[in-house]
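Participant: 3D, please:
(one chain, ligands or ions: 1)
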Amino acid sequence: MKLYKMMSACLLTCTLLTICMPSSADQFTEADVKRWTNEYMSVMKQGEKLFHGGLKANNTVSCDQCHPNATNIHPETYPKFQKQLGKVAVLGEMINWCIMNPTESEPLELDSNEIIALQAYIHYERRGVALQPGKH
Ligand code: HEC
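Facilitator: Got it, this is the predicted structure:
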């Protein structure tokens, strides 16, 4: 009898836990998705401005002079070996290589708002392209 009581108490606890706990930790609403997409688009647009002359540089060179609309940049191939850097690099490191060389400026922190915005823009221009890490 005692065992029976313990088992039913256990069953009740399990049932209550299943009903009361969210079934997964990553549940989100349509409003969440809308807000997150808007945040992304706003950062992407900042990147677009930086790319088209908005980046502080030590000369008058801007990214779009060599990469019109970023469409000749291949973010889907990163990480990959870059001969300029002599190692397998992430996209932000190549952005910094161009900031230091063509635009003759100081490299940015890889987690800076500017690098994140530039990456958001560069990736957006290639949306839908299949990932091909390491490809040349
Ligand atoms: C004077 C021309 C020039 C300018 C201006 C320039 N780049 Fe580049 N960029 C290059 C060259 C050359 C490469 C090397 C191409 C390669 O090795 O595949 C390159 C490569 C890159 C790559 C890697 C491309 C890939 O597909 O692997 C990224 C990312 C990049 N540039 C971003 C930028 C950004 C951001 C700016 C502005 C801050 C910029 N570039 C300005 C000439 C330029």
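
Participant: residue boundaries of the strands in this protein?
Facilitator: For the chain, the strands defined by DSSP state E cover 80-82, 87-89.

Participant: the ligand: which of those strands is closest?
Facilitator: Nearest to the ligand among the strands of the chain is strand 80-82 (6.5 Å), distances taken as Cβ to the nearest ligand atom. Heads up, the C-betas are built off the backbone N, CA and C, glycines and all.

Participant: gap between the residue nearest the centre of the chain and residue 83?
Facilitator: Ranked by distance to the mean C-alpha position of the chain (Cα atoms, centre = their mean), the top residue is residue 120 at 6.2 Å. Distance, residue 120 to residue 83, by Cβ to Cβ, to the nearest Å: 26 Å.

Participant: kindly report the same for residue 52.
Facilitator: In this view, residue 52 and residue 83 are 27 Å apart by Cβ to Cβ.

Participant: between those two, which is the more surrounded one?
Facilitator: Taking other Cβ atoms under 10 Å, residue 52 and residue 83 do not tie; residue 52 has more neighbours (16 against 7).

Participant: excluding chain neighbours, what is closest to the more buried one?
Facilitator: residue 64 (5.0 Å; Cβ to Cβ, 6 or more residues apart in numbering).

Participant: who's in contact with that neighbour?
Facilitator: 51-53, 70 (Cβ atoms under 8 Å, 6 or more residues apart in numbering).

Participant: test my guess that residue 85 contacts residue 93.
Facilitator: Yes. Between residue 85 and residue 93 there is a contact under Cβ atoms under 8 Å: 6.0 Å.

Participant: comparing those two, which shows the higher neighbour count?
Facilitator: More crowded of residue 85 and residue 93, by other Cβ under 10 Å: residue 93, with 18 against 12.

Participant: now the strands of the chain as a markdown table including mean neighbour count?
Facilitator: Below are the strands of the chain laid out as a markdown table (neighbours: other Cβ atoms under 10 Å):
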| stretch | mean neighbour count |
| --- | --- |
| strand 80-82 | 15 |
| strand 87-89 | 13 |
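
Participant: sweet, I'm off.
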